[in-house]
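*Asks:* how would this look folded up:
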Amino acid sequence: MNCSRATSLISAYLDSELSGRDMLSLQRHLNDCGSCQAELESIRTLRQELSSLREPDVPLGFESRLREAVYSAQPAKTATVRARTFLLTAACAAVVTLAVQQSMPRSPSQPVYLQNDIDTDQARLAASDPLSGAGPSLVSSPSYGP
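*Replies:* Here you go, the predicted model:
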């Protein structure tokens with residue numbers, strides 16, 4: 001284990017949140033590394049000092065004023081959420097519309113014979129391939145139109 005990994009595990013180690021393997025690996029590293037031992041002790045000391053602090057005295061009515069400030073600020077946030085929701089819904093509707101449009105059959109004015117062209121081209125290529133054993137192309141030209 002390296003020092004970077006060890007220092008990232010110290011807090012979880014102090015909270016008894018490590019798996020057995022990680023705990024043993026960290027303990028071995030701490031036995032050999034004075035720098036990480038010092039980091040562990042520093043964090044332990046800091047936790048003890050923080051736990052000994054008492055809650056600050058707040059002015060009378062502070063909690064109600066804080067709640068009022070939070071609740072009064074919420075409508076602006078709600079308007080932003082509504083705008084984002086509207087834009088996301090519009091984008092989803094556009095995607096669905098495009099997907100449906102692409103899946104609909106094409107009208108005769110659009111190139112519906114494209115697959116026929118591809119099939120014809122592939123047949124010509126296969127017929128002209130000297131390794132395929134086929135003779136010259138006997139495929140007729142495609143007809144365009146109804």
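*Asks:* what are the ranges of the helices in this structure?
*Replies:* 3-14, 20-32, 34-51, 62-103, 114-128 (DSSP state H).
*Asks:* Count the neighbours of residue 36 for me.
*Replies:* The tally of other residues near residue 36 (other CB atoms under 10 Å) stands at 22. The way it works is simple: take the backbone N, C-alpha and C, and place the C-beta from them, glycine included.
*Asks:* coming back round to it: redo the helices of the chain as CSV? Include mean pLDDT.
*Replies:* Below are the helices of the chain laid out as CSV (pLDDT from 0 to 100):
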stretch, mean pLDDT
helix 3-14, 92
helix 20-32, 93
helix 34-51, 91
helix 62-103, 79
helix 114-128, 68
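*Asks:* so what's residue 43 up against?
*Replies:* By CB atoms under 8 Å, 6 or more residues apart in numbering, the residues touching residue 43 are 10-11, 14.
*Asks:* Now do it against residue 12, distance only.
*Replies:* 11 Å (CB to CB, to the nearest Å).
*Asks:* go on, residue 81?
*Replies:* 35 Å.
*Asks:* and these two? which has more neighbours close in?
*Replies:* residue 12 (14 against 11).
*Asks:* show me the contacts for that one.
*Replies:* Contacts of residue 12 by CB under 8 Å, 6+ apart are 18, 22.
*Asks:* Let me know the distance separating residue 98 from residue 87.
*Replies:* 17 Å.
*Asks:* wait, residue 54
*Replies:* Relative to residue 87, and taking CB to CB, residue 54 is found at 48 Å.
*Asks:* Between the two, point out the one with more neighbours.
*Replies:* Taking neighbours as other CB under 10 Å, residue 54 and residue 87 compare with residue 87 leading, 10 against 5.
*Asks:* what about residue 123, neighbour count?
*Replies:* Residue 123 - counted by other CB under 10 Å - has 15 other residues nearby.
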